[in-house]
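Asker: Here is a sequence together with a model predicted from it:
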Amino acid sequence: MESIFILNKRLEDRFGRFHTTISPLWRLSWSNTQYEKRHGTYRDFVPGTNILLREVSEVREVKKYPYIENRWILERLVEVPEINQNELTTRLSYECIWAFKLAQHPTWNAIEFLVDVCSDGMHEHKVPNKGPNHEEAIEERKKRIQLIQEELFGDESEIADALHYGQGIIVPSKFGNETN
């Protein structure tokens, strides 16, 4: 299993940097560690109560992904749309493209596939002069999905799932332990 540092290095080497900065175009980050400075109207309460202290319009550093807890996320650096520029204090922002399952460590095959699918959607095709719905592209995508599924879920079965979710039990057996 590759470290997040190595995966981020591979993302930068394979997909490059944002054209006007030295920042990588894609990155992996932990959802709970991402913050952004956002302009808004905030209401402050006495801790542990509903007593309003004040309502103020200002710039605050807030959690970027309060709705995504304890997950690795794949982000893409994008220009902030003009309509949102008065909310954020920056012209560029990393935005979540994919949140991996809880406790799921990202793999390079999955990351590369996600980036390629996003690139296909943005008309950056790998097969020259053939769009993402071309027969060759569809077959290639099916093969990659199968490989990723085997990599992520290859050892799973209905029995393993039932045991994991508490819907199955293990019955001890004496087979193989008997002495004659």
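Answerer: Received, thanks.
Asker: what ranges do the helices span in this structure?
Answerer: Using DSSP state H, the helices of the chain run over 4-15, 108-121, 135-153, 158-164.
Asker: buried ones in the second one?
Answerer: Looking back up the chat, that one is helix 108-121. 110-117, 120 (16 or more other Cβ atoms under 10 Å). Any C-beta I mention is one placed from the backbone N, CA and C, and that applies to glycine too.
Asker: Would you mind writing the CA trace of that helix as CSV?
Answerer: C-alpha atoms of helix 108-121 as CSV (Å, rounded to 0.1, in the frame of the first residue of the first chain):
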residue,chain,number,x,y,z
TRP,A,108,-3.3,4.4,-7.4
ASN,A,109,-5.5,2.4,-9.8
ALA,A,110,-8.7,3.9,-8.3
ILE,A,111,-7.2,7.5,-8.2
GLU,A,112,-6.0,7.3,-11.8
PHE,A,113,-9.3,6.0,-12.9
LEU,A,114,-11.2,8.8,-11.2
VAL,A,115,-9.0,11.5,-12.6
ASP,A,116,-9.3,9.9,-16.1
VAL,A,117,-13.1,9.8,-15.9
CYS,A,118,-13.1,13.5,-14.8
SER,A,119,-10.8,14.3,-17.7
ASP,A,120,-13.0,12.4,-20.1
GLY,A,121,-15.9,14.5,-18.9
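Asker: Which residues are in contact with the closest residue in space to V62 that isn't next to it in sequence?
Answerer: Counting by Cβ to Cβ, 6 or more residues apart in numbering, V62 lies nearest to R38, which is 5.3 Å off, once chain neighbours are set aside. Contacts for R38 (Cβ atoms under 8 Å, 6 or more residues apart in numbering) come out as 59-62, 87-89.
Asker: Report the beta-bridge partner residues of R38.
Answerer: With DSSP bridges as the criterion, R38 is bridged to R60, L88.
Asker: Same question for A99.
Answerer: Using DSSP bridges, the beta-bridge partners of A99 come out as I73.
Asker: I'd assumed E75 was in contact with it.
Answerer: No. Using Cβ atoms under 8 Å, A99 is not in contact with E75, being 10.0 Å away.
Asker: Tell me which of those two has more neighbours.
Answerer: E75 (23 against 17; other Cβ atoms under 10 Å).
Asker: Can you get me a residue count around E95?
Answerer: 13.
Asker: Hmm, L52 is touching R43, no?
Answerer: Yes. At 6.2 Å, L52 and R43 qualify as touching, with contact defined as Cβ under 8 Å.
Asker: between the buried residues of helix 108-121, which is closest to L28?
Answerer: I111 (7.2 Å; Cβ to Cβ).
Asker: Show me the contact partners of stretch 75-91.
Answerer: Taking Cβ under 8 Å, 6+ apart as the rule, stretch 75-91 contacts 18, 21, 23-29, 36-40, 59, 92-97, 118.
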